[in-house]
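> Next comes the sequence, and after it the predicted model I'd like to discuss.
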Amino acid sequence: MLSADNLVILDRDGVINHDSDNYIKSLDEWVPYPSSVTAIARLTRTGYTVAVATNQSGIARGYYDEATLHAMHEHLISLVEAEGGHIAHIAYCPHVPNDNCQCRKPLPGMLIQIQQILGLESLTGSWMVGDSLRDIQAGEAVGCKTALVRTGKGVKTEQKGVGLEKTKVFDDLAQFVEWLIK
């Protein structure tokens with residue numbers, strides 16, 4: 001049975017794949033970090049459940065549509081499965097900040113969706129891994145342990161140093177996975 005202690009929730013852009021201030025608008029622009037797919041597969045092969053929670057306001061902004069987003073996610077899933085891994089669920093928020101939704105990080109709506117879909121009583125003890133303060137805040141709001149990676153916006157987030165008191169910091173997702181498995 002799935003336990004919150006064995007769940008790792010990942011932000012997408014800047015953690016799994018290269019980020020862009022101009023948004024990732026197509027499958028061609030979606031470029032995974034060399035070690036991230038292997039790290040995700042390694043997590044699942046060692047008994048962890050992996051989910052993704054990603055803000056995707058480019059949809060509301062009209063930069064790309066949900067079909068394009070699904071193509072990116074299907075590609076990610078196929079890459080992970082090709083290495084013997086699995087992604088249990090991908091939650092995304094298609095809204096812009098002014099939409100006042102409950103899903104856009106730093107609000108925990110996507111994490112709660114993951115909790116419900118996976119049938120967990122709580123997320124206490126699970127991990128939220130991100131590259132921005134809003135990822136950390138969303139995780140902390142539901143009792144997750146938090147990790148910041150220095151890829152994506154992670155270095156800038158770390159340099160600000162605000163709100164990271166309980167957060168572990170790693171160079172990238174692969175280093176986090178190596179630490180977690182040991």
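Ah, there it is. Residues are numbered from 1 along each chain as shown.
> Asp99: what's it in contact with?
Applying Cβ atoms under 8 Å, 6 or more residues apart in numbering to Asp99 gives the contacts Ala60. Where you see a C-beta, it was placed from the backbone N, CA and C, and this is true even at glycine.
> The one 5 residues further on too?
If a contact means Cβ under 8 Å, 6+ apart, then Arg104 has Asn55, Ser57, Cys93, His95, Pro97 as its contacts.
> who's in contact with the longest helix anywhere in the chain?
Scanning the chain for the longest helix, with DSSP state H as the assignment, gives helix 66-82. Contact with helix 66-82 is made by 12, 16-17, 24-27, 30, 32, 37, 40-41, 44, 50, 52, 56, 59, 86-87, 90, 92, 94, as judged by Cβ under 8 Å, 6+ apart.
> I'd like to know which of those residues are part of helices.
Among the contacts of helix 66-82, the members found in helices (DSSP H) are Val37, Ile40, Ala41, Thr44.
> Compare those and tell me which is most surrounded.
Ile40 (29 neighbours; other Cβ atoms under 10 Å).
> pLDDT at that one, what is it?
The predicted structure scores Ile40 at 98 on the pLDDT scale.
> The residue minimising distance to the centre of the chain: what's it in contact with?
The residue lying closest to the centre of the chain (Cα atoms, centre = their mean) is Asp11, at 1.8 Å. Neighbouring residues of Asp11 by Cβ under 8 Å, 6+ apart: Val52, Ala53, Thr54, Lys105, Met128, Val129, Gly130, Asp131, Ser132, Asp135, Gly152.
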